[in-house]
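**Student:** just the structure for this:
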Amino acid sequence: MDSAFALNGLDFSPEFNLARYLQSIRKFPILEQDEEFRLATKYKETKDEKIAYKLITSHLRLVVKVVSKYRGYGLPVGEMISEGNIGLLYAVDKFDPSKGFRFSTYALWWIKASVQKYILSSWSLVKIGTTAAQKKLFFNLRKIKNKLNLIDDRDLSQEVLGNIASSLDVTVQDVTDMNMRLGSHDGSLNSVLDNSSEHTTEWIDFISDSKPNQEDVLAYSETLRYRRKLFQKALSCLNQREKDILFKRRLAEKAVTLDDLSKAYCISKERVRQIELNSIKKIRKAIAL
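**Tutor:** Numbering: from 1, shown residues only. Okay, the predicted model is just below:
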């Protein structure tokens, strides 16, 4: 369903004004139960967008009511209302009036799910609430702490942690981790720490770069190229059998056994080992020259 038709004329600009928005949606009447059932039944049969428009606009105030419970997360109200309205669109499409429930009861779940999904993805750059238990903890921990009159950034006692974990059916460690995450917020590396001097100091100024600089990269590349050339030159002092045994014993991804090489060259395993060691000594001597 195209969401544009349902939200036509409603303001979600950066200068979103809640009072003005509430005033604009009050003009849409709240449907009586019989009228709601009739419209929902007809929409299920016809998928007429005009009918959907009536169902949606009559429940826009429900979206605002749901969003008002999530204002403590510091996210733009206009965006949360937009997400809630998207949930309302899904609810209209999937609602079955024959089940005997009011549309508002069914839509409430879709609205909350849509708003919560937006909060989880927008509250922090670090992914949070990836499991059902974590989501439950994220949206209930603050509520429980407010009931207990606890300050957000205070460390919780083991007794309180245990009670919260038990009430939400999660581990004490889960509660501890979530409490720490809710007590901290994302910060910009360009946040100014000291602007008293001529040059302002930012967080990023204290982060060292562990990557090698261009000079080190170039020096390493030159050294590697030189060593490779030297090794190729040193190999010229070996005959074909010595090269073959050395490569198969020391340079192959999976070393060939002494037994296999002894059979291939019809010599003893001890002789293969001697050739291998002698080849290494020749290469070292050639490189040292």
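
**Student:** all the strands of this protein, residue numbers only.
**Tutor:** According to DSSP state E, the chain carries its strands in the segments 192-194, 201-202.

**Student:** now do the last one: which elements does it pack against?
**Tutor:** Of the remaining helices and strands, those touching strand 201-202 by 3 or more Cβ pairs under 8 Å, 6 or more residues apart in numbering; DSSP states H and E are strand 192-194. For glycine as for every other residue, the C-beta is placed from the backbone atoms N, C-alpha and C.

**Student:** ok, back up a step: least confident of the strands of the chain, on average?
**Tutor:** Lowest mean pLDDT within these: strand 192-194, a mean of 65.

**Student:** below-threshold pLDDT in the stretch 51-200 of the chain: ranges please.
**Tutor:** In the predicted model, the stretch 51-200 of the chain carries pLDDT under 70 at residues 124-131, 133-134, 149-155, 180-199.

**Student:** please enumerate the helices of it.
**Tutor:** 60-68, 77-94, 103-122, 132-147, 158-168, 172-183 (DSSP state H, counting those that start in this stretch).

**Student:** quick one, the longest one and helix 77-94 angle?
**Tutor:** Spelled out, it's helix 103-122. In terms of direction (axes from the mean of the first three to the mean of the last three Cα atoms, to 10 degrees), helix 103-122 departs from helix 77-94 by 130 degrees.

**Student:** so how far is helix 103-122 from its chain's centroid?
**Tutor:** How far helix 103-122 lies from its chain's middle: 20 Å, per Cα atoms, centre = their mean, to the nearest Å.

**Student:** one more: the fourth one?
**Tutor:** Once both centres are worked out by Cα atoms, centre = their mean, helix 132-147 turns out to sit 20 Å from its chain's centre.

**Student:** same for the lengthiest helix in the chain, what does it pack against?
**Tutor:** Longest helix in the chain, counting residues (DSSP state H): helix 214-235. Contacts defined by 3+ Cβ pairs under 8 Å, 6+ apart place helix 214-235 against helix 269-288.

**Student:** average pLDDT for the helix it packs on, rounded please.
**Tutor:** Averaging pLDDT along helix 269-288 yields 89.

**Student:** list the contacts of that helix.
**Tutor:** With Cβ atoms under 8 Å, 6 or more residues apart in numbering as the test, helix 269-288 has contacts from 230-231, 233-238, 241-243, 245-246, 249-250, 258-259, 261-262, 265.

**Student:** could you give the angle of that helix to helix 214-235?
**Tutor:** Following the same axes, to 10 degrees, one obtains 130 degrees for the angle between helix 269-288 and helix 214-235.

**Student:** ok, residue 71 touching residue 79?
**Tutor:** No. Residue 71 is beyond contact range of residue 79, at 11.9 Å (criterion: Cβ atoms under 8 Å).

**Student:** so which of the two has more stuff around it?
**Tutor:** Taking residue 71 and residue 79 together and counting by other Cβ atoms under 10 Å, residue 79 has the greater number of neighbours (17 against 11).
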